[in-house]
Structures are given as C-alpha cells and as structure tokens.
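>>> Take a look and give me a structure for this.
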Amino acid sequence: MPADPTPTVRRRRLGSALRRLREAKDLTLEDAARHLECHKATISRLELGRSGVRTRDLRALLSLYGVTDTARVDAFLEMARKGKESGWWQRHAGVLRPGYTDFIELEAEAAEISCYEPLLVPGLLQTRDYARAVISAYPSVRTEEDVERRIEVRATRQNLLTDGRGVQFWAVIGGAALRSRVGGPETMNRQLRHLLSLAELPNVTLQVLPIDAGEHPGGNGPFVVFTFPLPEESQVVCEEGLITTVYLDSPDEVKTYADALDALRAAALSPRQSHAAIAELLTGR
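Residues are numbered from 1 along each chain as shown. As a prediction, the model looks like this:
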C-alpha cells in the first residue's frame, strides 16, 4: 500500500467507509492489521485515504467487516480502482484551486446532489453566457483565457445531468437569483428558458424560494449536500466562499444542513409552481 501525501477524494471516501465498517464491528486498528498481517499504521493510512489498497487486501477487510453481498463488494472494488485514476478535471488543475477540484470530484461521484442557491443559478444549470458573466466577475480571474477554461470546466460538469448515469439533482433557487440581470436581459431570458428545459428532465427537480418567503434557515448562504451510492459512506456538505471551500461530513453537521434543506424545500414553491413562476418571469420581461 504505497503512501500518498495528497489523497484523492475517492481514496478518502473509501478510507472513511472502511473505518465506519470496522468501528461498527467494534474492531480496532490492531484487529484489522492482524487480519491482513500488516502494521496498524498501514490500516490507518488506508482509512485516512493516504494509501491505495490491493484487491485481495480489500476483499479480506470487507470479509472481516461482514460485507459479503456481491454488489456491495464490487462497489468497493470499483471505488478502489478509480482511486488510482486521474479525473478529467486534473487537466485543468493549473487554473482551478484545489478546493474546487475536490468539489468536482465529489460531484462526479455522487448519486444525489442537493443544493440551495439564494443569489445565483447553480453552476450545473447555467448557460454558457450566464456562466461567462458570473466567472468574469471573480476577482481572481484575470484573463479571457482563464474565463474560457473555467466555462469549459463548468460545461463538462453539466454532462452528468444528461449522460445517463442517473444522478439525482435537486436545487432550491432563491427568487432574487431569477430576477437579477446577470449578463443583461437577453442572457437572463436564455437562462430562464434553459431552466424550464432542464426541469423537464426526470432526474432534475427545481424549486423557487420566493423573495417574500419570510424567515428560513438559508440566511447563511449557499450550500451543497452530496449523497453517495454506498450506505457506508457519509454525506458531505460543501460551503464555497470567495477564496475558500469548506467540507463537512460529521453526522451532526450533515444533519443540520439536511434539516435546513428540508425546511427550504417546504418553504419553496412546489416544482410545478416553480415552473409556472419561471415561465411568468419570462412572459413579464
């Protein structure tokens, strides 16, 4: 198990899931190490995502932890295999900050993505013109080449909604985001029409939170909740700021955001009402 000082998101996910399985069986690092005939530091590095794992060792650990269902075992093996690969986003590492590449990797691996965006259309739903206007406003983006590369990254990210993988995407969008003039009236008109089109996809759910919705738990800003295929994996919450990205995955933290998201969904218009509200905005422009 060669050490890796900069673990990938996939390796961290695999390591965390294995740690939870071990702890659920009330086994220690020493117990797992004894089963593999290795040092406990090897198991620790694996659980921290700082080392890869051989197929036979992973199978042995899963057997020790009581994971025998073929589909679950195969899912773990696939995660381990992907942990050795570079994602498409690595080609753009020079122009993207590390926190953003982690975000893209989480997004690419998630089975469900839920988000709240009070002031902007979520990135996965943006048109190229809208994205260009938003990206150009970033203080850290200084050249047209940087703008175009970031637009290409955003466009590639958006493929996961239509590539047949079936990722479920649910967005609660603040009414202010739909009434803004990002990029000018024509850009916003095209963006609103694009939202109506995406809302027809079976794996996309859009809700609009009216400006007059009153008090709600979204006052601290946008956030994203990622849910992954394996039940042993914890959800991950992401809060993205101007220069930093914060990731949270403890059960209490995740529950707080999941509860906030449920409250925002309850306060927002239904998907059908949201569709009508967006269409009305288009008519009134």
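>>> ok, now which ones touch the residue lying closest to His39 once chain neighbours are set aside?
Residue nearest to His39 in three dimensions, not counting chain neighbours: Ala33, with 5.9 Å by C-beta to C-beta, 6 or more residues apart in numbering. C-betas here are computed from N, CA, C, even on glycine. Counting by C-beta atoms under 8 Å, 6 or more residues apart in numbering, Ala33 touches His39, Lys40, Thr42, Ile43.
>>> you'd agree Ala33 is in a helix?
Yes. When DSSP: H, G, I helix; E, B strand; the rest coil is applied, Ala33 is found to be in a helix.
>>> per-residue pLDDT, it?
The model reports Ala33 with a pLDDT of 94.
>>> Report the buried members of the contacts of Ala33.
Listed as buried from the contacts of Ala33 are Thr42, Ile43; burial here means 16 or more other C-beta atoms under 10 Å.
>>> from the contacts of Ala33, which single one is nearest Gly15?
Ile43 (9.5 Å; C-beta to C-beta).
>>> And that closest one, which helix or strand is it part of?
Assigned by DSSP states H and E, Ile43 falls within helix 40-47.
>>> next one: Val246
Per DSSP H and E, Val246 falls inside strand 245-248.
>>> May I see the buried residues of that strand?
Of the residues in strand 245-248, those buried under the neighbour-count criterion (16+ other C-beta under 10 Å) are Tyr247, Leu248.
>>> if we can go back for a sec, return the set of buried residues in whichever helix or strand comes after the helix holding Ile43.
The helix or strand immediately downstream of helix 40-47 is helix 55-64, counting by DSSP H and E. For helix 55-64, the neighbour count (16+ other C-beta under 10 Å) marks Asp57, Leu58, Ala60, Leu61, Leu62, Leu64 as buried.
>>> again, but for stretch 198-209
Neighbour-count burial for stretch 198-209, counted by 16+ other C-beta under 10 Å, picks out Leu198, Ala199, Asn203, Val204, Thr205, Leu206, Gln207, Val208, Leu209.
>>> now swap in stretch 226-236 and tell me
So for stretch 226-236, counting by 16+ other C-beta under 10 Å, buried means Phe226, Thr227, Phe228, Leu230, Glu232, Glu233, Ser234, Gln235, Val236.
>>> chain center to it: distance?
Remark: stretch 226-236 is offset 11 Å from the chain centroid, using C-alpha atoms, centre = their mean, to the nearest Å.
>>> ok now stretch 221-231, how far from the chain's centre?
For stretch 221-231, the separation from the chain centroid amounts to 6 Å (computed by C-alpha atoms, centre = their mean).
>>> Now that stretch: average pLDDT?
Across stretch 221-231, pLDDT averages out at 90.
>>> Now do the contacts for the residue nearest the centre of the chain.
Central residue of the chain (C-alpha atoms, centre = their mean): Glu107, 3.4 Å from the mean position. Residues near Glu107 by C-beta under 8 Å, 6+ apart: Ile113, Leu124, Arg157, Leu160, Phe226.
>>> What of Arg59?
Taking C-beta under 8 Å, 6+ apart, we find Arg59 in contact with Val73, Leu77.
>>> ok, now Ala199?
By C-beta under 8 Å, 6+ apart, the neighbours of Ala199 are Thr205, Leu206, Pro271, Ser274, His275, Ile278.
>>> now with 7 Å?
Ala199 sits next to Leu206, His275 when contact means C-beta atoms under 7 Å, 6 or more residues apart in numbering.
>>> Same check on Leu198?
Leu198 makes contacts with Leu125, Val204, as judged by C-beta under 7 Å, 6+ apart.
>>> Pairing partners for Thr245 in the sheet, please.
Glu240 (DSSP bridges).
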